[in-house]
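>>> predicted model and sequence follow; I will ask about them next.
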Amino acid sequence: MTDGSEKYWYNLKTGEVEKGFESPAPDRAGPFDTPEQAAKAPEVIRERSRAWADEEAREDSWGSAPVSDEPGADQ
């Protein structure tokens, strides 16, 4: 297992791809195996965030009745 110094990272502040630990950890997303993968980090982060939000919404509504905006629909 490598320590990540030979991997690629996406710098969240600058938007640049970096190899190794050039930036402080809070400013990095990764690691990625290739610079091309690291460059797509914002897309990956958005998609994972969307998937987590969808999962949480399903878990939060588990066992509850569907909600409708139509008047009288809950009667």
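Good, I have the coordinates. Residues are numbered from 1 along each chain as shown.

>>> could you report the distance from E59 to A53?
The gap separating E59 from A53 is 11 Å, by C-beta to C-beta, to the nearest Å. To be clear about C-beta, it is placed using only N, CA and C from the backbone, and glycine gets the same treatment.

>>> same question for T34.
Taking C-beta to C-beta as the measure, T34 falls 28 Å from A53.

>>> swap in F32?
According to C-beta to C-beta, F32 stands 23 Å off from A53.

>>> now G20
With C-beta to C-beta as the criterion, G20 and A53 are 32 Å apart.

>>> what about the two, which has more around it?
G20 (13 against 10; other C-beta atoms under 10 Å).

>>> list the contacts of the more buried one.
Contact partners of G20, counting by C-beta atoms under 8 Å, 6 or more residues apart in numbering, are 4-7, 9.

>>> out of these, list just those in strands.
Using DSSP state E to define strands, the subset of those located there is W9.

>>> alpha carbons of the helix or strand hosting E56, in PDB - could you do that?
Element membership for E56, per DSSP states H and E: helix 41-60. What follows is helix 41-60, C-alpha atoms only, in PDB (Å, rounded to 0.1, in the frame of the first residue of the first chain):
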ATOM      1  CA  ALA A  41     -12.700  15.300  -9.200                       C
ATOM      2  CA  PRO A  42     -15.300  18.100  -9.100                       C
ATOM      3  CA  GLU A  43     -17.700  15.900 -11.200                       C
ATOM      4  CA  VAL A  44     -17.000  12.900  -8.900                       C
ATOM      5  CA  ILE A  45     -17.600  14.900  -5.800                       C
ATOM      6  CA  ARG A  46     -20.900  16.300  -7.100                       C
ATOM      7  CA  GLU A  47     -22.200  12.900  -8.200                       C
ATOM      8  CA  ARG A  48     -21.300  11.300  -4.800                       C
ATOM      9  CA  SER A  49     -22.900  14.200  -2.900                       C
ATOM     10  CA  ARG A  50     -26.000  13.800  -5.000                       C
ATOM     11  CA  ALA A  51     -26.100  10.000  -4.400                       C
ATOM     12  CA  TRP A  52     -25.600  10.500  -0.700                       C
ATOM     13  CA  ALA A  53     -28.400  13.100  -0.500                       C
ATOM     14  CA  ASP A  54     -30.700  10.800  -2.400                       C
ATOM     15  CA  GLU A  55     -29.900   7.900  -0.100                       C
ATOM     16  CA  GLU A  56     -30.500  10.000   3.000                       C
ATOM     17  CA  ALA A  57     -33.800  11.200   1.600                       C
ATOM     18  CA  ARG A  58     -34.900   7.600   1.100                       C
ATOM     19  CA  GLU A  59     -33.800   6.600   4.600                       C
ATOM     20  CA  ASP A  60     -35.500   9.700   6.100                       C
END
